[in-house]
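J.: mind looking at a prediction? Sequence and model below.
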Amino acid sequence: MRSRGAGTRTQLTKLEELLRELRVEEVMTRRLVSVSGDFTMAQVKELLRKHRISGVPVLEGEALVGVVSIEDVTRALEQGEMGAKVRDRMSREVITVFADEPAVEAVKRFAHTKVGRLPVLDRGGKVVGILTPGDPVGRAFRVMDLRYREQEQQRWQQKGLGLEDLLGEGASLVLRFRVQGEDFAGAGKASVQAKRVLGRLGLDPGAVRRATIAAYEAEMNLIIHTRGGELTLEATPHSVVVEAVDKGPGIVDVEQALQPGFSTAPEWVCEMGFGAGMGLNNIQSCADEFEIESEVGRGTRVRAVVHLSQSGRKDRLNR
Amino acid sequence: MKLIEIAQRLGLKVEAGVDHLENEVRGGYAGDLLSCVMARAKTGDLWVTVQRHPNIVAVAVLVGLAGIVVTEGGNIEPATLERAEQEGIPILVSSASAFRVVGELWDLGIRGE
Amino acid sequence: MRLQDIKVQLEAEQVAGSPRPELEIKEACAADLMSDVLASARPGSLLLTGLTHPQAVRVAALASLAAVVFVQGKEPLRDTLVAAEESGLPLFVTQLSLFESCGRLYQAGLRG
Ligand SMILES: Nc1ncnc2c1ncn2[C@@H]1O[C@H](COP(=O)(O)OP(=O)(O)OP(=O)(O)O)[C@@H](O)[C@H]1O
Ligand SMILES: [Mg+2]
């Protein structure tokens, strides 16, 4: 119990530090919903509902003149005055915070005033965003988490453990992913995850980059051109082998498919940033060994091998 | 500024539309998503892209572009060049990246939005 | 050039990822086609793109790029923000077009 208490305390100190380090503009919401004084309370109610927020700043031109909140709307509703203008119903005493102040200032202001939102101003007095009470701490926790992961990755890399130390000579680590055809939303996740895992193993970052770029192009080809298949990355102390296998439709003319710029990708794929006809070329230029076999109606197998440098030699494609 | 002057200053290779290098360039647009070009580029813009697909010519005609600069060198599909000749759309090629080409155009005073 | 200076040049807003204002960046890559990014962007570069799909962030992470800027005021999709938060990659949005963004950064000394 005691050690857990201590852990929580360190976390709190870190959180405080971070809230001092982060500036308000780094934790605020920027997509600003605002109203003018001419809005009716009924319009405000609609707006709050649509954006699922509990209050908005009131602007005249660029100047902040007040805030109108769900409480004001409720009161107007009770009094049957939903047609009243915001100008006559808003609170004019607005507590604000500057974008370049430390986030901790916003936290203090929330604690002392109990307001539900703080408009954020730049030094010219223009409203640039808004904060709700959960924003600073929520964002700080996310940043803490990211930093923790980065540090962990560095620790792994510094240890410089080879796969050999981890697995022993002759063993290998296989990452296997099932890839769904046309699953555009999940596309690329397998390769990104593989990059994280291989990075943690302390492999040469340049080689990991090449292997996972090759994996990504192969993964996208499975998604775009096939009904799905399997992507594997096998890491040994000497290499990373990337293999993508599918069961069709196969490639009619492999030579042609390998030409830079050749693509049969449908139009909708092009609008998503694919179909440049450069994927297979990218795989080739990333790999030290490359093979492709395909048979129409049977399927395609793409295999790319990236050698790991033993001596810490600078990765040749670290272009 | 006329397209011919830009081609000379940037050392661009003219691959199609030699007869239309007098086109006046009024602004610049960069990007590779055809639908975005259609939506955002303006008449008289010079378009910088890595796309080499024949469709780029159609887009240029529809928008009324002054010309196309294809970046990162390489070969342009013959079908694209053929269409460009037919439609009178200049296609110029640079071996530099899109970022660099736009930077150099900006240096010449060509602006986007 | 520091990431902070890039943000100022582009009048951009950071919408996700780690805050790294001091990060030094020397090169940029402007592209909407993901294979093009993977083929040509060097590690540590800045990606300027009009593609706001999560793929843009995944590709940038795979290519070990430093940060991503969405141009033309394009709102990132929700999944894109999640992908950026997961990888920590700083993600910005600018109202400027890709052309204007490249021009300003080139003028300011970035290369690519
Ligand atoms: N697994 C596969 N099954 C069937 N056809 C494929 C497969 N992989 C590639 N192809 C064919 O080869 C062509 C070239 O592939 P490549 O990956 O080089 O380009 P692309 O996928 O069309 O575009 P990009 O990869 O640049 O987004 C594809 O358009 C497609 O016709
Ligand atoms: Mg492909």
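T.: It's in. Residues are numbered from 1 along each chain as shown, chains lettered A, B, ... in the order given. Ligands and ions are numbered 1, 2, ... in the order given.

J.: and the closest residue to B:Ile56 other than its chain neighbours, how many neighbours does it have?
T.: Once flanking residues are discounted, B:Ile56 sits nearest to B:Ile68: 5.9 Å by Cβ to Cβ, 6 or more residues apart in numbering or on different chains. For every residue, glycine as well, the C-beta is placed using N, CA and C. When neighbours are counted by other Cβ atoms under 10 Å in any protein chain shown, B:Ile68 registers 27.

J.: kindly report the same for B:Arg100.
T.: B:Arg100, neighbours per other Cβ under 10 Å, totals 21.

J.: what is the helix or strand containing it packed up against?
T.: Per DSSP states H and E, B:Arg100 falls inside helix B:98-107. On a contact count with 3 or more Cβ pairs under 8 Å, 6 or more residues apart in numbering or on different chains; DSSP states H and E, helix B:98-107 meets helix B:3-10, strand B:27-30, strand B:45-49, strand C:28-30, helix C:98-107.

J.: can you pull up the bridge partners for the residue nearest to B:Ile56?
T.: As for beta bridges, B:Ile68 partners with B:Trp47, B:Ile91 under DSSP bridges.

J.: pLDDT score for it?
T.: B:Ile68 carries a pLDDT value of 98.

J.: residue in chain B nearest to ligand 1?
T.: As assessed by Cβ to the nearest ligand atom, ligand 1 sits closest to B:Val50 within chain B, at 10.4 Å.

J.: one more: chain C?
T.: C:Ser35 (3.3 Å).

J.: doesn't that residue belong to a helix?
T.: Yes - under DSSP: H, G, I helix; E, B strand; the rest coil, C:Ser35 falls within a helix.

J.: check contacts around it.
T.: A:Glu217, A:Phe274, A:Ala276, A:Gly277, A:Met278, A:Gly279, A:Asn281, A:Asn282 (Cβ atoms under 8 Å, 6 or more residues apart in numbering or on different chains).

J.: just give the closest residue to the fourth one, not the sequence neighbours.
T.: Using Cβ to Cβ, 6+ apart and skipping residues adjacent in sequence, the residue nearest A:Gly277 is A:Ser263, 3.5 Å away.

J.: that neighbour: neighbouring residues, count only.
T.: A:Ser263, neighbours per other Cβ under 10 Å, totals 21.

J.: is it in a helix, a strand, or coil?
T.: Recorded secondary structure, A:Ser263: coil (three-state DSSP).

J.: what sits against the closest residue to the residue of chain C closest to ligand 1 other than its chain neighbours?
T.: Closest residue to C:Ser35 in three dimensions, ignoring its sequence neighbours and counting by Cβ to Cβ, 6+ apart: A:Met278, at 3.8 Å. Residues in contact with A:Met278 (Cβ under 8 Å, 6+ apart) are A:Pro260, A:Gly261, C:Leu33, C:Ser35, C:Asp36, C:Leu38, C:Ala39.

J.: if we can go back for a sec, from the middle of its chain, how far away would the helix holding B:Arg100 be?
T.: In terms of Cα atoms, centre = their mean, to the nearest Å, the centre of helix B:98-107 is found 12 Å from the chain centre.

J.: before we move on, what about stretch A:49-63?
T.: 28 Å.

J.: which residues are in contact with it?
T.: A:32-37, A:44, A:47-48, A:64-70, A:86-87, A:90, A:94, A:116-117, A:119, A:125-127, A:130, A:132.

J.: so which residues on chain C come close to chain A?
T.: Neighbours of chain A within chain C, by Cβ under 8 Å from any Cβ of the partner chain: C:13-15, C:17-19, C:32-36, C:38-39, C:42-43, C:49, C:51, C:53-56, C:58-59, C:61-64, C:75, C:79, C:85, C:87-88.

J.: dump the residue contacts of the closest residue to A:Ala84 other than its chain neighbours.
T.: The shortest distance from A:Ala84 to any non-neighbouring residue, by Cβ to Cβ, 6+ apart, is to A:Met41 (5.3 Å). Counting by Cβ under 8 Å, 6+ apart, A:Met41 makes contact with A:Val68, A:Asp72, A:Val73, A:Ala76, A:Leu77, A:Glu81, A:Met82, A:Gly83, A:Ala84, A:Lys85, A:Val86, A:Arg89.

J.: make it 10 Å
T.: Taking Cβ atoms under 10 Å, 6 or more residues apart in numbering or on different chains, we find A:Met41 in contact with A:68, A:72-77, A:79, A:81-86, A:88-90.

J.: filter these down to just the buried residues.
T.: A:Val68, A:Asp72, A:Val73, A:Ala76, A:Ala84, A:Val86, A:Arg89, A:Met90 (16 or more other Cβ atoms under 10 Å in any protein chain shown).

J.: quick one: contacts for the fifth one?
T.: Residues in contact with A:Ala84 (Cβ under 10 Å, 6+ apart) are A:Thr40, A:Met41, A:Ala42, A:Val44, A:Asp72, A:Ala76.

J.: closest to ligand 1 among the residues you listed?
T.: Nearest to ligand 1 among the contacts of A:Ala84, with distances taken as Cβ to the nearest ligand atom, is A:Val44, at 47.0 Å.

J.: geometric centre of chain C: which residue is closest?
T.: Nearest to the mean C-alpha position of chain C, by Cα atoms, centre = their mean, lies C:Val68 at 1.9 Å.

J.: distance of the residue lying closest to B:Thr80 once chain neighbours are set aside relative to chain C?
T.: Closest residue to B:Thr80 apart from its sequence neighbours, by Cβ to Cβ, 6+ apart: B:Pro54 at 4.6 Å. Using Cβ to the nearest Cβ, to the nearest Å, one gets 16 Å for the distance from B:Pro54 to chain C.

J.: number of nearby residues for B:Pro54?
T.: B:Pro54, neighbours per other Cβ under 10 Å, totals 16.

J.: got a list of what it touches?
T.: Going by Cβ under 10 Å, 6+ apart, B:Pro54 touches B:Ile76, B:Glu77, B:Pro78, B:Ala79, B:Thr80, B:Leu81, B:Glu82, B:Arg83, B:Ala84.

J.: many thanks, we can stop here.
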